[in-house]
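Engineer: Return a 3D structure for these sequence lines:
(one chain, ligands or ions: 2)
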Amino acid sequence: MAGNVQTFPPVERQLIVFDFDWSLADQDSDRWVLEVLAPKLRKKMKELKKEVQWTDLVASCMQELHEQGGTREQIEDALRLMPVHPAMIRGVSSLKSRGKTTFFLLSNANIIYITTVLKSKGLESLFHEIVTNPAEWDPSGLLKVRRRIDPSGPQHNCKVGCSPNMCKGEELDAFLKRHGSEFDRIVYVGDGSNDLCPVLRLRKQDVVFCRRYRGLYSLIKPYEEEGRLPCGVQYWTGAWEAEALLDEL
Ligand SMILES: [Mg+2]
Ligand SMILES: [Zn+2]
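Structural biologist: Residues are numbered from 1 along each chain as shown. Ligands and ions are numbered 1, 2, ... in the order given. Down below sits the predicted model:
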């Protein structure tokens with residue numbers, strides 16, 4: 001499969017949906033910030049991952065970092081250092097410049113992390129819409145991160161295995177409803193296990209660009225092998241391979 005880039009049929013209007021961590025970006029933002037600023041909190045995050053809902057865990061790590069004297073400037077600096085591969089930046093910028101493609105970011109990170117990283121790479125106007133967890137700086141410099149779906153209200157009904165804070169499949173459907181338009185093709189770029197749900201809602205003319213050797217890859221393989229995947233699939237490992245795929249769209 002490697003290096004075997006297919007050409008995709010030409011379309012009038014297409015939607016490209018990007019996951020953020022390890023898909024558009026070449027790192028995981030929640031972990032990265034703590035790896036740069038507070039390795040002990042990074043370790044704690046690893047230890048508590050199974051017990052505490054991820055968004056809540058990020059929020060409590062931010063609280064602790066703040067109590068230890070971590071500042072907004074330090075967090076922003078760490079985010080500005082976070083790798084987004086130049087090949088990925090080239091690929092998305094070129095696709096955007098060719099017109100006809102709507103860019104939608106669907107992520108389990110948070111809006112402050114995402115917009116800070118995008119801005120640092122000159123990508124602040126890439127996406128037409130970003131759906132993620134809300135976050136804001138309070139005046140003391142604490143980053144307050146919340147789940148997109150408030151834990152005290154109605155929860156999503158996803159049976160595929162999305163995290164309680166957000167069902168990416170429901171969010172993709174809601175986006176398509178909001179925009180009320182038919183896209184000739186949807187391209188989904190993802191790597192994580194929570195990207196499976198939206199991928200299973202794609203159509204046969206759509207395609208997933210799945211990053212190898214991560215959560216989505218192991219989940220999608222049996223679907224592909226048993227012919228149960230509703231869409232096409234292309235695999236990539238390095239961002240340069242994703243760029244080659246983007247260049248074919
Ligand atoms: Mg990801
Ligand atoms: Zn879901």
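
Engineer: how far away is the closest residue to R214 other than its chain neighbours from P164?
Structural biologist: Leaving out its chain neighbours, the residue that sits closest to R214 by CB to CB, 6 or more residues apart in numbering is D191, at 4.3 Å. Where C-beta positions appear, they are placed from N, C-alpha and C, glycine not excepted. In this view, D191 and P164 are 20 Å apart by CB to CB, to the nearest Å.

Engineer: Between these two, which is the more surrounded one?
Structural biologist: D191 (23 against 16; other CB atoms under 10 Å).

Engineer: would you list every one of the helices in the protein?
Structural biologist: 29-37, 39-48, 54-67, 72-81, 86-97, 111-120, 168-179, 196-199, 215-225, 239-247 (DSSP state H).

Engineer: one step back: I'd guessed the residue nearest to R214 sits against L216; true?
Structural biologist: Yes - between D191 and L216 there is a contact under CB atoms under 8 Å: 5.4 Å.

Engineer: overlap in contacts of the two?
Structural biologist: Both D191 and L216 are contacted by C210, under the criterion CB atoms under 8 Å, 6 or more residues apart in numbering.

Engineer: same for the longest strand seen in the chain, what does it pack against?
Structural biologist: For the chain, the strand that runs over the most residues, judged by DSSP state E, is strand 101-110. Judged by 3 or more CB pairs under 8 Å, 6 or more residues apart in numbering; DSSP states H and E, strand 101-110 is in contact with strand 14-18, helix 54-67, helix 86-97, strand 129-133, helix 168-179.

Engineer: try 6 Å this time
Structural biologist: strand 14-18, strand 129-133, helix 168-179 (3 or more CB pairs under 6 Å, 6 or more residues apart in numbering; DSSP states H and E).

Engineer: just the angle between the last one and strand 129-133, please?
Structural biologist: Using axes from the mean of the first three to the mean of the last three CA atoms, to 10 degrees, the interaxial angle of helix 168-179 with respect to strand 129-133 works out to 140 degrees.

Engineer: and helix 168-179, is it in reach of ligand 1?
Structural biologist: No - Helix 168-179 lies out of reach of ligand 1 by CB under 5 Å from the ion, never closer than 10.2 Å.

Engineer: Please compute how far that helix lies from its chain's middle.
Structural biologist: For helix 168-179, the separation from the chain centroid amounts to 15 Å (computed by CA atoms, centre = their mean, to the nearest Å).

Engineer: Could you check it and say which residues are buried?
Structural biologist: 168-172, 175-176 (16 or more other CB atoms under 10 Å).

Engineer: contacts for it?
Structural biologist: 104, 106, 131, 156, 162, 194, 197-198, 201 (CB atoms under 6 Å, 6 or more residues apart in numbering).

Engineer: ok, the residues you listed vs ligand 1, which is closest?
Structural biologist: N194 (7.7 Å; CB to the ion).
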